[in-house]
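*Asks:* Below are the sequence and a predicted model; questions follow.
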Amino acid sequence: MTVSLASSDSRPQPLSLPALVDALSLRDLTDPAQGPHALQLLVSAAASALGERWGADVRVLRSRPVVAVEDNYDRLGYQRDAVSRDVRYTRYVSDTTMLRSHTSAGVPPALRALASSAAAPARDVLLVLPGICHRRDSIDRLHTGTPHQLDLWLLRRGGRRLDHDDLHDLVTALVGAVLPGTHWRWTATSHPYTTGGREVEAIHDGQPVEIAECGLAAPEVLSAAGLSPSSWSGLALGMGLDRVLMLRKGIPDIRLLRSTDPRVAEQLLDLTPYQPVSDLPPARRDISVAVAAGSDAEVLGDRIREALGPDADLVEEVSVLSTTPYADLPEAARLRLAMRPDQENVLLRLVLRPVDRTLTSEETNALRDRVAAALAGVQVRR
């Protein structure tokens, strides 16, 4: 099947009202007020382990997913031209607000509250910020546009300054709490809100799997919140909860974390190993799409999620099989796709597999047609 995907200008556009309502209606699996889930056990285990290790004042903070762009980016040190700010990856609600792309968006307000407190803390403070985030992302068994994250910031006023030895201790305690017995490693990297940044990988079946990023809290972030870097020091860590739970329980598909099938949902109330319910065959359909040059799997995956709505959970994966520039296509193909010179041809593979049943051929074709129709009418924005 072939369709044409239109291009547009580069002006950022906010989410449509229906898309915003859908996003805000999605259950946050880390929130006990919305029902129990194993992700909450990971949050509790992490907070308890680090709180006990440092004898810290543990403060669990929850906020709404709509945040100020300044808190999500500017006050965390992101440059104005950072690629993550692009509308392809950020879900803007207005010019000044957005659906948070990481739980770190809650850190600047938490630091400001700490700075404005009348009484100086008598001991270290551990900020625990769990929640659901919203991103443009590809579709496969390990990725979702609505991941759950956990930020852990350890703050100290006065005394010995927190350093990389403390950071190593923090990661060791954290991995021991959420992935007992798991070996891990870290490598140097950089983040806008840390100095001496590290990327943390768990070793699973002999292979490294990224689970967190961390570093020393950047002095600029502390000072912007009103905490003098000469008096305060801190450790900052952000962890992907979905990936950790999948490793902990041996869950093969991220969609299972939201399954309403009782055979699956009941297993997501604890941290015992996951027992597979079934191994259903996938259905595959290919779609040839004319898209704006430079479109990627994240953009297309996001459009497909929007088009299918609740049925998006039926999609196991969307992969790009090939990309062909306009100039390399035969004239007949350009005419069939109604392509323009500023477009390229992408061949997509749509893999459909519900977690609890097998799709009929008619259902599969209907889903393919819905995706194709949506892609044909969507504008790719930069």
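*Replies:* Now that the structure is in, tell me what you want to look at.

*Asks:* switch to C-alpha atoms for all contacts and neighbour counts from now on
*Replies:* OK.

*Asks:* in the helix or strand hosting P208, what counts as buried?
*Replies:* According to DSSP states H and E, P208 maps onto strand 207-217. Within strand 207-217, the residues that count as buried by 16 or more other CA atoms under 10 Å are V209, E210, I211, A212, E213, C214, G215, L216, A217.

*Asks:* which residues of the stretch 51-200 of the chain score low on pLDDT?
*Replies:* Low-confidence segments of the stretch 51-200 of the chain (pLDDT under 70): 118, 138-139.

*Asks:* hang on, the earlier thing: how about the CA coordinates for the strand holding P208, as PDB?
*Replies:* The C-alpha coordinates for strand 207-217 follow below in PDB (Å, rounded to 0.1, in the frame of the first residue of the first chain):
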ATOM      1  CA  GLN A 207      24.600  -7.500  27.200                       C
ATOM      2  CA  PRO A 208      24.600  -3.900  28.500                       C
ATOM      3  CA  VAL A 209      21.200  -2.300  28.900                       C
ATOM      4  CA  GLU A 210      20.900   1.400  29.700                       C
ATOM      5  CA  ILE A 211      18.900   2.000  32.800                       C
ATOM      6  CA  ALA A 212      19.900   5.400  34.100                       C
ATOM      7  CA  GLU A 213      22.000   8.600  33.700                       C
ATOM      8  CA  CYS A 214      23.500  10.500  36.600                       C
ATOM      9  CA  GLY A 215      26.200  13.000  37.700                       C
ATOM     10  CA  LEU A 216      27.000  15.700  40.200                       C
ATOM     11  CA  ALA A 217      24.200  18.300  40.300                       C
END
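
*Asks:* contact partners of that strand?
*Replies:* 162-164, 167, 184, 193-203, 233-241, 243-244 (CA atoms under 8 Å, 6 or more residues apart in numbering).

*Asks:* at 6 Å what do you get?
*Replies:* 194-202, 234-240 (CA atoms under 6 Å, 6 or more residues apart in numbering).

*Asks:* Stretch 53-71 too?
*Replies:* Under the contact criterion CA under 6 Å, 6+ apart, stretch 53-71 has outside partners 51, 96-100, 105, 108, 124-129.

*Asks:* got a list of what Y78 touches?
*Replies:* P192 are the contacts of Y78 under CA under 6 Å, 6+ apart.

*Asks:* what's the most distant pair in the contacts of strand 207-217?
*Replies:* Greatest spatial distance in the contacts of strand 207-217: A202 and G234, 23.4 Å, computed using CA to CA.

*Asks:* Neighbour count: these two, which is higher?
*Replies:* G234 (25 against 21; other CA atoms under 10 Å).

*Asks:* so how far is E70 from that one?
*Replies:* For G234, the distance to E70 equals 21 Å [CA to CA, to the nearest Å].

*Asks:* and if you look at R80?
*Replies:* With CA to CA as the criterion, R80 and E70 are 10 Å apart.

*Asks:* Looking at these two, which one has more neighbours?
*Replies:* Taking neighbours as other CA under 10 Å, R80 and E70 compare with E70 leading, 16 against 10.

*Asks:* Would you mind measuring from the more buried one to G35?
*Replies:* E70 is 31 Å from G35, by CA to CA.

*Asks:* hmm, back to that, put the buried members of the contacts of stretch 53-71 into a PyMOL selection.
*Replies:* To isolate the buried members of the contacts of stretch 53-71 in PyMOL, using 16+ other CA under 10 Å:
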select buried, resi 51+97+98+99+100+105+108+124+125+126+127+128+129
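
*Asks:* and the contacts of stretch 53-71 as JSON lines, adding distance to D86 and secondary structure?
*Replies:* Compiled in JSON lines, those are given as follows (distance: CA to CA, whole Å; DSSP: H, G, I helix; E, B strand; the rest coil):
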{"residue": "G51", "distance to D86": "37", "secondary structure": "helix"}
{"residue": "T96", "distance to D86": "14", "secondary structure": "coil"}
{"residue": "T97", "distance to D86": "14", "secondary structure": "strand"}
{"residue": "M98", "distance to D86": "12", "secondary structure": "strand"}
{"residue": "L99", "distance to D86": "13", "secondary structure": "strand"}
{"residue": "R100", "distance to D86": "14", "secondary structure": "coil"}
{"residue": "A105", "distance to D86": "17", "secondary structure": "helix"}
{"residue": "P108", "distance to D86": "21", "secondary structure": "helix"}
{"residue": "D124", "distance to D86": "36", "secondary structure": "coil"}
{"residue": "V125", "distance to D86": "34", "secondary structure": "strand"}
{"residue": "L126", "distance to D86": "32", "secondary structure": "strand"}
{"residue": "L127", "distance to D86": "29", "secondary structure": "strand"}
{"residue": "V128", "distance to D86": "28", "secondary structure": "strand"}
{"residue": "L129", "distance to D86": "25", "secondary structure": "strand"}
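
*Asks:* Much appreciated, bye for now.
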